[in-house]
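>>> sequence-free structure coming up:
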Ligand SMILES: NC(=O)c1ccc[n+]([C@@H]2O[C@H](COP(=O)([O-])OP(=O)(O)OC[C@H]3O[C@@H](n4cnc5c(N)ncnc54)[C@H](OP(=O)(O)O)[C@@H]3O)[C@@H](O)[C@H]2O)c1
């Protein structure tokens, strides 16, 4: 099959669009013919390599894969060839039933071959049926960015109607979902991103109340402007959604009101930034981490999209053979919202019931 493969970790030059053997189909597994794979910043971390994280090589990137069932192991029940499915990227096993105990987490595009490929093999328990009203491309946007934003904002953020919420990196996948969720709850939502055009899109697409163009204005200054002060001076946000890290770690804390909370699920621009502890204790601030999603979260998100309550925005699509360009576009921050790779590999098996 064809795939975008890394044989070593490093900068974008390590990526190859090449032939690679088909992954073996084992008991309890299905082979998905990829129709859409959305890109995540996580793909860049996997390509570069992260301290303390072991990536088996060669690796096919791509955590978020949707498509049609192209082949099934004989013991798989309840699914048919041609069914449109989304894969939860994480395969969840309890320790005693784990088929690969040496590999503690099985995560598509990270520790198992992912979706920048003609075919992806997953366990049937990872599958989520895509309803007719949801396109395969949109479904592919959901698990990693939207799933983790859902957990961070709804579960850990504990946002309520009327809360003032600042979303940093609002133009990306996690950010787009966070602003939509906060708006749906009835919060006053401010989205921060890197250009005037992106700020306009946040307003036009998701109806955010205010935006901060971080290329033009410092977020702490903008917080004073928008909320009448910051932290201990009567202003600030109830909740700051911060997957940026880096210089935005300390700045995010200064954008909170006294007693406010910052939620984080990532460290896009630096995982060990300096902080000023005085803000945390003087402001009695809460810092809450959030990681991943539950399988049910992704099912709920598919339901919200089907009910027209959530609209993942796709900024660009690229065919699989241009997967490296798509990945570069993500790294160069060329697009607003999600970037999706598309595929058209055929259904393989003639056994089993086939749905056209
Ligand atoms: N723990 C988890 O379960 C989990 C799950 C999903 C994602 N995450 C984390 O969440 C973060 C966001 O992921 P994502 O997939 O939403 O990323 P994304 O789609 O690439 O969006 C990131 C946004 O951040 C902004 N940004 C600011 N500084 C940047 C920089 N130095 N480099 C690149 N972008 C920068 C960009 O907007 P502007 O150019 O407009 O500023 C961009 O739109 C990542 O750190 C990721 O690892 C964690």
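Here it is on my side, so go on. Keep in mind it's a predicted model, so treat the numbers as computed, not measured.
>>> so the residue lying closest to residue 75 once chain neighbours are set aside, which state does it fall into?
Closest residue to residue 75 apart from its sequence neighbours, by C-beta to C-beta, 6 or more residues apart in numbering: residue 27 at 5.6 Å. Backbone N, C-alpha and C define where each C-beta goes, glycine included. Under DSSP: H, G, I helix; E, B strand; the rest coil, the three-state class of residue 27 is coil.
>>> residues near residue 27, how many?
Burial measure for residue 27: 10 neighbouring residues, criterion other C-beta atoms under 10 Å.
>>> what are the phi and psi angles of it?
Phi and psi for residue 27, reported as degrees, to the nearest 10, are phi -50, psi 140.
>>> residue 91 too?
phi -90, psi 120.
>>> distance of it from residue 35?
Residue 91 sits at a distance of 20 Å from residue 35 (criterion: C-beta to C-beta, to the nearest Å).
>>> enumerate every residue touching whichever residue of the chain sits closest to the ligand.
The shortest separation between the chain and the ligand is 1.7 Å, found at residue 172 (distances taken as C-beta to the nearest ligand atom). The contact partners of residue 172, taken as C-beta atoms under 8 Å, 6 or more residues apart in numbering, are 41, 145, 337.
>>> now the buried members of those residues.
Burial by neighbour count, 16 or more other C-beta atoms under 10 Å: within these this picks out 41, 145, 337.
>>> spatially nearest residue to the second one, not counting backbone neighbours?
What sits nearest to residue 145 in space, not counting adjacent residues and going by C-beta to C-beta, 6+ apart, is residue 173, at 2.9 Å.
>>> isn't the one you found right next to residue 340, touching?
No. The criterion here is C-beta atoms under 8 Å, and residue 173 misses it with residue 340 at 10.7 Å.
>>> what touches both of these two?
By the contact definition C-beta under 8 Å, 6+ apart, residue 173 and residue 340 are jointly contacted by 38, 141.
>>> enumerate the residues of the protein near the ligand.
Contact residues (C-beta under 6 Å from any ligand atom) of the chain with the ligand: 40-42, 144-145, 148, 169, 171-175, 193-194, 198, 214, 243-244, 265-269, 291-292, 330, 333.
>>> narrow those residues to just the buried residues.
Burial of the residues of the chain next to the ligand was assessed by neighbour count (16+ other C-beta under 10 Å); the buried members are 40-42, 144-145, 148, 169, 171-175, 193-194, 198, 214, 243-244, 265-268, 292, 330.
>>> relative to residue 32, how far out is the residue nearest to residue 145?
Distance, residue 173 to residue 32, using C-beta to C-beta: 21 Å.
>>> still on that earlier bit, just checking, which of the residues of the chain next to the ligand belong to strands?
Per DSSP state E, strands hold the following members of the residues of the chain next to the ligand: residue 193.
>>> coming back round to it: and the residue nearest to residue 145, what is it in contact with?
The contact partners of residue 173, by C-beta under 8 Å, 6+ apart, come to 38, 40-41, 141, 144-146, 149, 337-338.
>>> how does it look with 10 Å?
Applying C-beta atoms under 10 Å, 6 or more residues apart in numbering to residue 173 gives the contacts 38-42, 64, 141-142, 144-146, 148-149, 243, 312-313, 315, 330, 337-339.
>>> cool, and residue 149?
Residue 149 sits next to 157, 167, 172-182, 241, 243, 263, 265, 290, 293, 297, 301 when contact means C-beta under 10 Å, 6+ apart.
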